[in-house]
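In: my questions are about this predicted structure, shown below with the sequence.
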Amino acid sequence: MYELELKNVHQGYTNKQEILKNINIQISAGQFVAVVGPSGAGKTTLLRLFNRMVKASRGEVCVEGTHIEKLSGRALEKVQSKVAMIYQDFCLVNASTCWQNVLNGCLMRVPFWRVFLGKFPKQEKTKALAALKQVGLEKYALEQVADLSGGQKQRVAIARALQQEADIILADEPVASVDPLTAEQILNILKKLQLEQGLTIVMNSHSVEQAKKYAQRIIGLKNGTIFLDKAAEEWTKEDFRLLYEDGSHE
C-alpha cells in the first residue's frame, strides 16, 4: 500500500481548462519528494489534492490506502488529520502566541467547547511545548507570532504539523519567503523529521538545487502533466533545461 497515490487524475473546470491531466503518482511512506516545474504547471493543485482542498474531476486520490474523493464528515476529517499543510505565507494567527498557534494543530481531536474556552487538555499543552522544542523555539512559546521573523514563523508552522500528529507533510514552497540561510535551516528540519520520524514529505519547490539536495525523488510537472519522475540523483542539467524550456521558474 502506498502512502499517497493518484490514479489517472484530472483536475479542472472543463476538459478544455484542465490544470492537471492524467496524473499517476505513487509515494511510499517515509519518502521525501520534491515537485518542480514552471509557473502554472499545476504544482500547488497537485499538492492540494492530497488533503481535499481541491477535488479531482476524474480519477482516484488515495491517502494511506483510502479513496478520499467521496468521503465527507468525520470520515474525511480522520484522513485529513493525517495530512498537514505548510504554506509559503505560514497561515498563522499573528495576534496569538507561538504556543497557541501550535495548539491549533490538535483542533480535530479536541472537543469544540475546550477550543472555544481555550481550555486545552494538559497533555496537548505539553505536546505543543515539545513540538516547539523540536524546531528550536521553546523559548518563544509565549511570544506573539507577529513579532517573529519569517523563518521562525515557518518553524511554528512545522511545530503545528507535529502537534497535528500527521504522518504526511505537504509543503507548498515552504522557504520561498525567507533568506537562503534560513531556508536551509527549515529544510534541514523537514529532512530530519523525514529521516528520524519516518514522515512523508511532499514539497513544491522553486529551487532545483534545493530539490536535488533534500529530496530522494523529484517529480517534474509541465503543462499539467508529469514531464519526468525519477530519483533526485538521476536528474541531469539537461532534464531541468527541458522541463523549464519555454517556461519561467516560480
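Out: Received, thanks. Numbering: from 1, shown residues only.

In: show me the shaky parts of this protein.
Out: 14-16, 247-250 (pLDDT under 70).

In: leaving out sequence neighbours, find the closest residue to residue 104.
Out: In space, and not counting its chain neighbours, residue 104 is closest to residue 160: 6.0 Å by CB to CB, 6 or more residues apart in numbering. Backbone N, C-alpha and C define where each C-beta goes, glycine included.

In: which residues of the chain fall in helices?
Out: 43-49, 73-80, 98-103, 112-117, 122-134, 150-163, 180-197, 208-214, 237-244 (DSSP state H).

In: which helices and strands does the first one pack with?
Out: Taking 3 or more CB pairs under 8 Å, 6 or more residues apart in numbering; DSSP states H and E as the contact definition, the neighbouring helices and strands of helix 43-49 are strand 4-12, strand 18-27, strand 32-36, strand 168-172, strand 200-204.

In: and for the fifth one?
Out: Under the contact criterion of 3+ CB pairs under 8 Å, 6+ apart, the helices and strands touching helix 122-134 comprise helix 98-103, helix 150-163.

In: angle of it against helix 180-197?
Out: 130 degrees (axes from the mean of the first three to the mean of the last three CA atoms, to 10 degrees).

In: in helix 122-134, which residues are buried?
Out: 124, 125, 127, 128, 129, 131, 132, 134 (16 or more other CB atoms under 10 Å).

In: for the last one, give me its contacts.
Out: When contacts are counted by CB atoms under 8 Å, 6 or more residues apart in numbering, residue 134 touches 159, 162.

In: please report how far it lies from residue 76.
Out: 28 Å (CB to CB, to the nearest Å).

In: ok, residue 155 touching residue 135?
Out: Yes: with contact defined as CB atoms under 8 Å, residue 155 counts as touching residue 135 (4.0 Å).

In: who touches both of the two?
Out: Joint contacts of residue 155 and residue 135 (CB under 8 Å, 6+ apart) are residue 189.

In: mind checking how far the residue nearest to the spatial centre of the chain is from residue 242?
Out: In the chain, the residue lying closest to the centroid (CA atoms, centre = their mean) is residue 170, at 1.3 Å. From residue 170 across to residue 242, the span is 26 Å (CB to CB).

In: ditto for residue 85
Out: 30 Å.

In: name the residue in those two with the higher neighbour count.
Out: Using other CB atoms under 10 Å, the more surrounded residue of residue 85 and residue 242 is residue 85, with 22 against 14.

In: now that one. Nearest residue, chain neighbours left out?
Out: In space, residue 85 is closest to residue 170, 4.9 Å off (CB to CB, 6+ apart).

In: that neighbour contacts residue 84, doesn't it?
Out: Yes: the criterion here is CB under 8 Å, and residue 170 meets it with residue 84 at 7.0 Å.

In: spit out the contact partners of the residue nearest to residue 85.
Out: Residues 47, 48, 50, 51, 83, 84, 85, 86, 202, 203 are the ones in contact with residue 170 under the rule CB under 8 Å, 6+ apart.

In: repeat the analysis, applying 10 Å as the threshold.
Out: 4, 35, 44, 46-51, 53, 83-87, 161, 200-204 (CB atoms under 10 Å, 6 or more residues apart in numbering).

In: are any of the residues you listed buried, and which?
Out: Members of the contacts of residue 170 classed as buried by 16+ other CB under 10 Å are 4, 35, 44, 46-51, 83-87, 161, 200-204.

In: residue at max distance from the center of the chain?
Out: Most remote from the centre of the chain, using CA atoms, centre = their mean: residue 117, at 29.4 Å.
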